[in-house]
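A.B. asks: return a 3D structure for these sequence lines:
(one chain, ligands or ions: 2)
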Amino acid sequence: MDRRSLLVILNRFLALECQQVALYKGQARRMGDEHLRRALELFADIEMGHVKNLRREIKRLGGQYSLLVEAADGLGAVMGRASRLPGIGPMLKLNIFLEGRAARDYAGLIRQLPPGPTRDLLWQHLLEEELHRAWMLEYLGKGRRR
Ligand SMILES: [Fe+2]
Ligand SMILES: [Fe+2]
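C.D. replies: Numbering: from 1, shown residues only. Ligands and ions are numbered 1, 2, ... in the order given. Below you'll find the predicted structure:
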């Protein structure tokens, strides 16, 4: 894959990561369940780490990250509010869907890249999305049994 195409994809992932940060922050602010609130705050921190990593990687590759991603903060906050309304179950299902999509996106790009620092970074992100997804799936299952 040429550098220009890679930069376009990394910028798209960056925009999605910005949305994840804002979404989880918005959900955490409105979450009464302390266990879930603390998990959402931790996930928001980890997604912020992904944002910083992707910005650093885009710069390292000689690219520029789009200023449009800053607008994602507002969008994520709206999603955070909207996804709170139907309750914890639907909120977790939305998050699980988004984490699964992110993991698939990372896996798809990994398959197209040769060994190197970009591929190493994507593996780290992929595994962290899988951990978020697994945690929320487990929490959703516990809720059903309660
Ligand atoms: Fe992420
Ligand atoms: Fe995640």
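
A.B. asks: which parts of this protein sit against ligand 1?
C.D. replies: Within the chain, the residues that sit near ligand 1 (C-beta under 5 Å from the ion) are 17, 47, 50. Using the backbone N, CA and C atoms, a C-beta is placed for each residue, glycine as well.

A.B. asks: test my guess that the last one contacts Leu126.
C.D. replies: When you say that, I think you mean His50. No - using C-beta atoms under 8 Å, His50 is not in contact with Leu126, being 10.5 Å away.

A.B. asks: who touches both of those two?
C.D. replies: Counting by C-beta atoms under 8 Å, 6 or more residues apart in numbering, no residue touches both His50 and Leu126.

A.B. asks: who's more crowded, these two?
C.D. replies: Just comparing His50 and Leu126: by other C-beta atoms under 10 Å the higher neighbour count belongs to His50, 23 against 19.

A.B. asks: tell me the pLDDT at Ala39?
C.D. replies: On pLDDT, Ala39 comes in at 98.

A.B. asks: name the nearest residue to it, ignoring sequence neighbours.
C.D. replies: Trp135 (6.5 Å; C-beta to C-beta, 6 or more residues apart in numbering).

A.B. asks: what is the neighbour count of that neighbour?
C.D. replies: Count around Trp135 with other C-beta under 10 Å applied: 17.

A.B. asks: and it, what's its pLDDT?
C.D. replies: At Trp135, the pLDDT recorded in the model is 98.

A.B. asks: quick one: what helix or strand has it in it?
C.D. replies: helix 117-145 (DSSP states H and E).

A.B. asks: so what secondary structure elements neighbour that helix?
C.D. replies: Contact partners of helix 117-145 among helices and strands, from 3 or more C-beta pairs under 8 Å, 6 or more residues apart in numbering; DSSP states H and E: helix 34-60, helix 88-112.

A.B. asks: quick check: the residue of the chain nearest ligand 1.
C.D. replies: His50 (3.7 Å; C-beta to the ion).

A.B. asks: which parts of the chain sit against ligand 2?
C.D. replies: Within reach of ligand 2 by C-beta under 5 Å from the ion, the chain has these residues: 99, 129, 132.

A.B. asks: skip the chain neighbours and tell me the closest residue to the first one.
C.D. replies: What that stands for is Glu99. Nearest residue to Glu99, sequence neighbours excluded (C-beta to C-beta, 6+ apart): Arg133, at 3.8 Å.
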